[in-house]
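**Q** Have a look at this prediction, sequence included:
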Amino acid sequence: MRRTLKWGLGAAAILLVLLAGALVAVPFLVDMPRIQAYVASAAAQALGRPVKFSGLSVRVLPLPAIEFRDLEVAEDPKFGTTPFLRLERGHIRLQLWPLLTGRVELGDIVLHKPAVTIVQAADGRLNIASLGGAAEPRPTGRTSRGSGGGSGAAGAALATRIKIDGGQVTYAARGPGERIAQYRLEGLDLTLISGGPQIAFKGDARLQPGAVALKVSDGVVTLGPTRTLTDAPVRAKVAVDGKDIHELTAVAVGPSPEIGGAVKGTLAVAGTVAAPTAAGEVQLSNLTATQSSPQCAEPRRRTLTIPTVALNAAWQNPRFTGKPLTAKLAGGTITAQLTARLDRGVQVQLADLGVKALPLDKVLVDFLCEGYAVTGPLDLTGAVTFETRDIVNTLTGPGQLHVGSGKVVGPKALALVGSVVRVGGALSGALGSDPSAATLGGSPLEFESIVGTYTMTNGVVTTRDLLYTSRVMKVAVAGDYGLGTGAMNLDLVVNHKQGELKAKVTGTAAAPLVRVSTSSILKSVDPDKAEKGIRDLLKRFNKK
């Protein structure tokens, strides 16, 4: 037993001596000028861009490594002169066992906090499209030095494993002469492992703004003898988890309305390195839209909350789709086929739009404080497109709606109805037909239904068959209404127990002009009596 222990301690001592000797000999074993030339040449060949760094040094502890500083990879000249990649510090580990035999073999590469900028030009071109040349047979990344001296260094690969520690990737999409959107991947920890024609990768990062956590797994890039790096196929899984997307959506949509909520999902990445695609299920919870509206009573700042939104998401630059998209709000449901283009601002299309039993008071009254608001459950089918830079004035698309039993509650709608009834009642009273405000209905603002079709063109709604039905009257509406401007050009036909009343409504929502057609009241009136009644009515108006 003692003899075995003695031999074991002796072997350990010899191993420690060899290890210490190898570590002491590292600076003498490494041919630094040749290694430096090899690193720069191999990196430049792999990336297809000039690569430079300030120099190399040998680090013995905690593990033998070659350290390099101030590395830069040049930008594509078409995108400027600022370096594509900057790296303050990185190191190439040296294989420990070969050092014991006097040979130098390069091991893993670790890049500390590299900063990369990906730029998309206004025409859709990416600065990474020119990265890499045709792939060549990949050597083992091994350089050796025997007793005869000298280092062998050739090939395009430095090591079979590259680790990125705390990296940052900035993505900037440019409009004409300016950057219109910018996102960042921060805290990027990524491991790449080369094996034959494939590079496996995994890691995690935070998407900023918004601190959305991304976790990448099962990543593979497949290289080929005739492919450039950017043309290489890629596949991976990406888990997405964000507690609040407010800051992220503000970059794409703008400051108002403020869009918030949590996001969670898993995406399958495919395509190529330069043109990746992604698809998968995404869930949004407690999605909120917040804005301040001058027409609202205090508080003017209102928030609409949609508890759940689910979509089968897909991304292929510059298009994002959610097919289908489903949402629930206060017992109502919304379904659509969502398409958004992100190349020149954000253009949104909702095809096959379907709304079922949506309580309008939650949207028109509580959130928008719309002057022409009504309550009741809304059923709607149609389609709509808009641009997020100016949603109201870019709304375009057709639709068909049905509002169930409800009330007219918007103050502007109440004032308009009152004007029609008042003018019509005054004329009718003067002419002797007497459909006064009282006879026009006991409860003219409660309705059984509102139905019709419409088309929207850049925020102007046009209808030819909108029909308001209550217990005591029917009102047919045809004409145009500007959602953003409030401009109106509407023809109203009111059918009630006493007959028919026609009116023309122009002006704006804030100051409507109402003209009641006398011909709709004169049908059952004696002409002589009508002439006298109009003269008396004009005298009364002139006295006021």
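**A** Looks like it arrived, so ask away.

**Q** C-alpha only now, for contacts and for neighbours.
**A** Noted.

**Q** How far does stretch 273-282 sit from its chain's centre?
**A** 14 Å (Cα atoms, centre = their mean, to the nearest Å).

**Q** Sorry, slip of the keys, the one I care about is stretch 351-367.
**A** With Cα atoms, centre = their mean, you get 22 Å for stretch 351-367.

**Q** Keeping just the C-alphas, turn it into CSV.
**A** Output of stretch 351-367 as CSV, limited to C-alpha atoms (Å, rounded to 0.1, in the frame of the first residue of the first chain):
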residue,chain,number,x,y,z
ALA,A,351,-57.3,40.7,-44.1
ASP,A,352,-60.3,38.5,-43.3
LEU,A,353,-61.0,40.7,-40.4
GLY,A,354,-63.8,39.3,-38.2
VAL,A,355,-65.2,40.8,-35.0
LYS,A,356,-67.8,39.0,-32.9
ALA,A,357,-69.8,40.5,-30.0
LEU,A,358,-67.2,43.2,-29.2
PRO,A,359,-68.7,45.7,-26.7
LEU,A,360,-68.3,49.1,-28.3
ASP,A,361,-68.4,51.0,-25.1
LYS,A,362,-65.0,49.6,-24.1
VAL,A,363,-63.4,51.1,-27.2
LEU,A,364,-65.5,54.1,-28.3
VAL,A,365,-66.6,55.4,-24.9
ASP,A,366,-64.0,54.3,-22.3
PHE,A,367,-60.8,54.5,-24.5
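
**Q** What are the contacting residues of it?
**A** The list of residues contacting stretch 351-367 from outside it, by Cα atoms under 8 Å, 6 or more residues apart in numbering, reads 302-304, 329-338, 370, 373-384, 410.

**Q** Averaged pLDDT, it. What do you get?
**A** When pLDDT is averaged along stretch 351-367, the result is 94.

**Q** about what we covered before: now restrict the contacts of stretch 351-367 to buried residues only.
**A** 302-304, 329, 332-338, 370, 373-384, 410 (16 or more other Cα atoms under 10 Å).

**Q** all helices for the chain, in order.
**A** Secondary structure of the chain by DSSP state H: the helices cover 2-29, 32-47, 96-100, 246-253, 360, 391-394, 411-431, 519-522, 527-543.

**Q** what bits of the stretch 251-400 of the chain have low per-residue confidence?
**A** Scanning the stretch 251-400 of the chain for pLDDT under 70 picks out the ranges 344.

**Q** one more time with 90, if that's ok
**A** 251-259, 273-275, 291-297, 317-318, 330-331, 341-346, 364-365, 368-374, 388-392 (pLDDT under 90).

**Q** in the stretch 101-250 of the chain, which spans are strands?
**A** 106-112, 115-120, 161-175, 178-195, 198-208, 212-222, 234-242 (DSSP state E, counting those that start in this stretch).

**Q** what's the first one packed up against?
**A** Contact analysis of strand 106-112 by 3 or more Cα pairs under 8 Å, 6 or more residues apart in numbering; DSSP states H and E lists strand 85-94, strand 161-175 as its packing neighbours.

**Q** okay, these in TSV with mean pLDDT next?
**A** Output for the helices and strands packed on strand 106-112, formatted as TSV (pLDDT from 0 to 100):
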stretch	mean pLDDT
strand 85-94	82
strand 161-175	84
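
**Q** Output those as JSON lines; include the columns distance to residue 462.
**A** Below are the helices and strands packed on strand 106-112 laid out as JSON lines (distance: least, Cα to Cα, whole Å):
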{"stretch": "strand 85-94", "distance to residue 462": "54"}
{"stretch": "strand 161-175", "distance to residue 462": "34"}
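
**Q** Which of those sits closest to residue 487?
**A** When the helices and strands packed on strand 106-112 are compared by Cα to Cα, strand 161-175 sits nearest residue 487, at 33.2 Å.

**Q** now what about the closest one, what contacts it?
**A** 107-122, 179-194, 343-344.

**Q** could you give the angle of it to strand 115-120?
**A** 40 degrees (axes from the mean of the first three to the mean of the last three Cα atoms, to 10 degrees).

**Q** Strand 161-175: how far from the chain's middle?
**A** With Cα atoms, centre = their mean, you get 19 Å for strand 161-175.
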